[in-house]
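1. Below are the sequence and a predicted model; questions follow.
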Amino acid sequence: QKEVEQDPGPLSVPEGAIVSLNCTYSNSAFQYFMWYRQYSRKGPELLMYTYSSGNKEDGRFTAQVDKSSKYISLFIRDSQPSDSATYLCAMEPSPSGSARQLTFGSGTQLTVLP
Amino acid sequence: DAGITQSPRYKITETGRQVTLMCHQTWSHSYMFWYRQDLGHGLRLIYYSAAADITDKGEVPDGYVVSRSKTENFPLTLESATRSQTSVYFCASCGREGLLYEQYFGPGTRLTVT
């Protein structure tokens, strides 16, 4: 079983819809939770990060972390065609020690139809 | 050009050949990383470097060699390429220890091993 599970989609929604993207994980040591956006033929770019549990909002994007359920979500409100991309979740344990690395989900491909 | 660049962007090579992928960043970031991205696996860490002359293995290091003689460069060498190394390779850099989520990714190198 992978440490981080993410539904690969593809997910297709009409413009203006609310999009929910999710990841589950098994490693309770994860403390930092990230969402990256990757456009086709490009490198990933950081969208949002959250430390521990709770919500974080940035414009149309909201990240939620539920550590008790080992479940994280990214919500996109008023989705736009420009949001069409692959969304990757990533996680990291508390930054200490020598084994510093992120664990990524496999990504969810999102298409927002005009 | 400022930022992080990778070369070549596309490469086709034969099984058994040695191939080197280049990564260059202009920010003087301490941390640099090499990932491979395969369908269904997301991003997997191959090697990373915390500073010049300091490198360490990631999740999937077998068949790869890295070096870092200068802060700005982090080449990845496939000593004897195999078909299973066909993938998209991303280099990334991060300037601040403890903030691995602030990784900036290059545009990727699409490698095909025939």
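-> Structure's in. What do you need?
2. Now stretch A:77-93: buried residues?
-> A:79, A:83, A:84, A:85, A:86, A:87, A:88, A:89, A:90, A:91, A:92, A:93 (16 or more other Cβ atoms under 10 Å in any protein chain shown). Where C-beta positions appear, they are placed from N, C-alpha and C, glycine not excepted.
3. what subset of those residues is also close to chain B?
-> A:88, A:90, A:92 (Cβ under 8 Å from any Cβ of the partner chain).
4. In strands, which of those appear?
-> Using DSSP state E, the members of these that fall within strands are A:88, A:90, A:92.
5. Could you single out the nearest of these to residue B:11?
-> Residue B:11 lies nearest to residue A:88 out of those, by Cβ to Cβ, at 23.7 Å.
6. Spit out the contact partners of whichever residue of chain A sits closest to chain B.
-> Closest approach between chain A and chain B, counting by Cβ to the nearest Cβ: residue A:43, at 3.1 Å. By Cβ atoms under 8 Å, 6 or more residues apart in numbering or on different chains, residue A:43 lies in contact with B:90, B:92, B:105, B:106, B:107, B:108.
7. follow-up on the earlier one: any chance of the ones next to chain B among the buried residues of stretch A:77-93 in CSV, with pLDDT too?
-> Shown next, in CSV, are these (pLDDT from 0 to 100):
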residue, pLDDT
A:88, 96
A:90, 94
A:92, 86
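8. Contacts only, for the spatially most central residue of chain B.
-> Nearest residue to the geometric centre of chain B (Cα atoms, centre = their mean): residue B:34, 2.8 Å. Residue B:34 makes contact with B:21, B:23, B:45-48, B:58, B:64, B:66, B:74, B:76, B:89-91, according to Cβ under 8 Å, 6+ apart.
9. Now with 6 Å, please.
-> Residues near residue B:34 by Cβ atoms under 6 Å, 6 or more residues apart in numbering or on different chains: B:46, B:47, B:76, B:91.
10. Doesn't it belong to a helix?
-> No: Residue B:34 is assigned strand when assessed by DSSP: H, G, I helix; E, B strand; the rest coil, not a helix.
11. May I ask which of the contacts of residue B:34 has the most neighbours?
-> Counting neighbours by other Cβ atoms under 10 Å in any protein chain shown, residue B:91 leads the contacts of residue B:34 with 29 neighbours.
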